[in-house]
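Undergrad: next input, structure requested:
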Amino acid sequence: GASGMTVMSCVPEVLGFPYGTHHSKYVVAFYEAGVRIAIFTQNLIERDWSVKTGAVWVQDFPLKRTPGSASAFEASLVSYFREFQDRLSEQERRRRNSAPNIPALRDLLRRLPEYDFSSAAAHLVASAPGRFTGGDVPRWGA
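TA: Model prediction:
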């Protein structure tokens, strides 16, 4: 890999059923002047890209010129990755083993607030697996 690049690997959940599982399809690519966010409708497998119709939303965001409050897009993005990190931590505790994505997620969560997402041309409507109560219901569903 490239020098200084953090790579996040995929760690599949072993499930007894083929459908209805949560699986994100995104790329967060940091570069010297900014960050690129890409969100895919297709799975990241060859047959989805060669024989199925899909879409990709991509936007670049610059570094923040001055520290400031988070835009709605940034708040949604950070909230989603925190929830994802919490879910991986739960899996790690259940399995009593190490989840290799957790350090990469911590690094991602540390770095995202450095970028200016105020120009986002989309609203992030994320989902997370599980049952939610209280203040989490409007964010993730019941």
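
Undergrad: which other residues reach the strand or helix carrying F81?
TA: Using DSSP states H and E, F81 sits in helix 72-95. Helix 72-95 has contacts (C-beta atoms under 8 Å, 6 or more residues apart in numbering) with 11, 13, 24, 37, 70, 98-99, 101-102, 105-106, 108-109, 112-113, 115, 117-118, 120, 122-126, 128-130, 139-140. For every residue, glycine as well, the C-beta is placed using N, CA and C.

Undergrad: so which of those are in helices?
TA: Residues of those located in helices (DSSP state H): N101, I102, L105, R106, L108, L109, R139, W140.

Undergrad: tell me how far A75 lies from E46.
TA: Using C-beta to C-beta, to the nearest Å, A75 is found at 35 Å from E46.

Undergrad: what do you get for G54?
TA: G54 is 13 Å from E46, by C-beta to C-beta.

Undergrad: of the two, which one has the most company?
TA: Using other C-beta atoms under 10 Å, the more surrounded residue of G54 and E46 is G54, with 11 against 8.

Undergrad: was I right about that one contacting D48?
TA: Yes. Between G54 and D48 there is a contact under C-beta atoms under 8 Å: 6.6 Å.

Undergrad: of the ones in helices among the contacts of helix 72-95, closest to F30?
TA: L108 (8.9 Å; C-beta to C-beta).

Undergrad: wouldn't that closest one be in contact with V28 here?
TA: Yes. Contact between L108 and V28 holds when scored by C-beta under 8 Å: they sit 6.3 Å apart.

Undergrad: good, wrapping up.
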